[in-house]
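Trainee: Let's see this in three dimensions:
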Amino acid sequence: MPNSKNTERILIGEISGAHGIRGDVLVRSYTEKPDAIASYGPLTDESGKRSFSLRVVRVTSKGIVARISGIEDRNAAEPLRGTKLYVSRDRLPEPEGAAYYYADLIGLDAVSEDGSALGKIVSVQNFGAGDLLELKPVDGSATEFIPFEDRYVPNIDLQSRTIVIRRPDMTGSEDDEVSDVEEDSEESDRL
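Mentor: Numbers count the residues shown, from 1 in each chain. You can find the predicted model right below:
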């Protein structure tokens, strides 16, 4: 992986509000295991100028209840609402298998299977039905969303900073519907 990635900061949580009167905060954690957010050591705000040392008090359905070193009461905790928490990329473990950090995908050059330039990946979104790559086409037209699935994204090469995109057929052709039904049928056979 390029060295520039090691100096990048990754968003791993956000303070969503004060909790109680002792200065505890409620944290929305974006780590795989929510309480692991405190294990990365001091986190920084978006500017990188302010540092926060978290200690997890408990995990709730609304997020992590945490104490921040130096925050002693609710009055000190309230202004932290909305603070995004970042960690240096080099402090995160390398993803295993076919897993990727969103930050590693953003900025990749998107190409078709024949190598033609399609554009750049500008964000990764999830509106509830799975991850979507937001592709900004090279021609400057409006961005489009590509499902982050093997059939639409057959290859990712982080070393060369490229991602192969197979655009979904939006015409709703019968051939696509038949192949989707066949795939679904094959998947149910494997269960």
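Trainee: what's the domain layout of this structure?
Mentor: Taking automatic domain parsing as the reference, the chain has its domains at 3-90, 102-169.
Trainee: Let's have those in JSON lines, adding mean pLDDT and mean neighbour count.
Mentor: Yep, even glycine has a C-beta here, placed from its N, CA and C like the rest. Listed next are the domains of the chain as JSON lines, based on pLDDT from 0 to 100; neighbours: other CB atoms under 10 Å:
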{"stretch": "domain 3-90", "mean pLDDT": "90", "mean neighbour count": "16"}
{"stretch": "domain 102-169", "mean pLDDT": "93", "mean neighbour count": "14"}
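Trainee: Is it possible to get JSON lines of these that adds distance to Glu96?
Mentor: Shown next, in JSON lines, are the domains of the chain (distance: least, CB to CB, whole Å):
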{"stretch": "domain 3-90", "distance to Glu96": "11"}
{"stretch": "domain 102-169", "distance to Glu96": "13"}
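Trainee: For Ile121, see how far away the residue positioned nearest the centre of the chain is.
Mentor: Computing the C-alpha centroid of the chain and ranking residues by CA atoms, centre = their mean puts Tyr102 first, at 3.8 Å. Tyr102 sits 10 Å away from Ile121, going by CB to CB, to the nearest Å.
Trainee: ok, back up a step: okay but the residue nearest to the centre of the chain is in contact with Val124, surely?
Mentor: Yes: counting by CB atoms under 8 Å, Val124 is a contact partner of Tyr102 at 4.2 Å.
Trainee: Where do the helices of this structure begin and end?
Mentor: 3-6, 74-77, 102-105, 174-190 (DSSP state H).
Trainee: can you pull the contacts of the nearest residue to Ile71 once chain neighbours are set aside?
Mentor: Distance criterion CB to CB, 6 or more residues apart in numbering; nearest residue to Ile71, sequence neighbours excluded, is Gly23 at 4.3 Å. Shown in contact with Gly23 (CB atoms under 8 Å, 6 or more residues apart in numbering): 67-68, 71-74, 76-77.
Trainee: and of those, the nearest to Ile10?
Mentor: Ile68 (19.3 Å; CB to CB).
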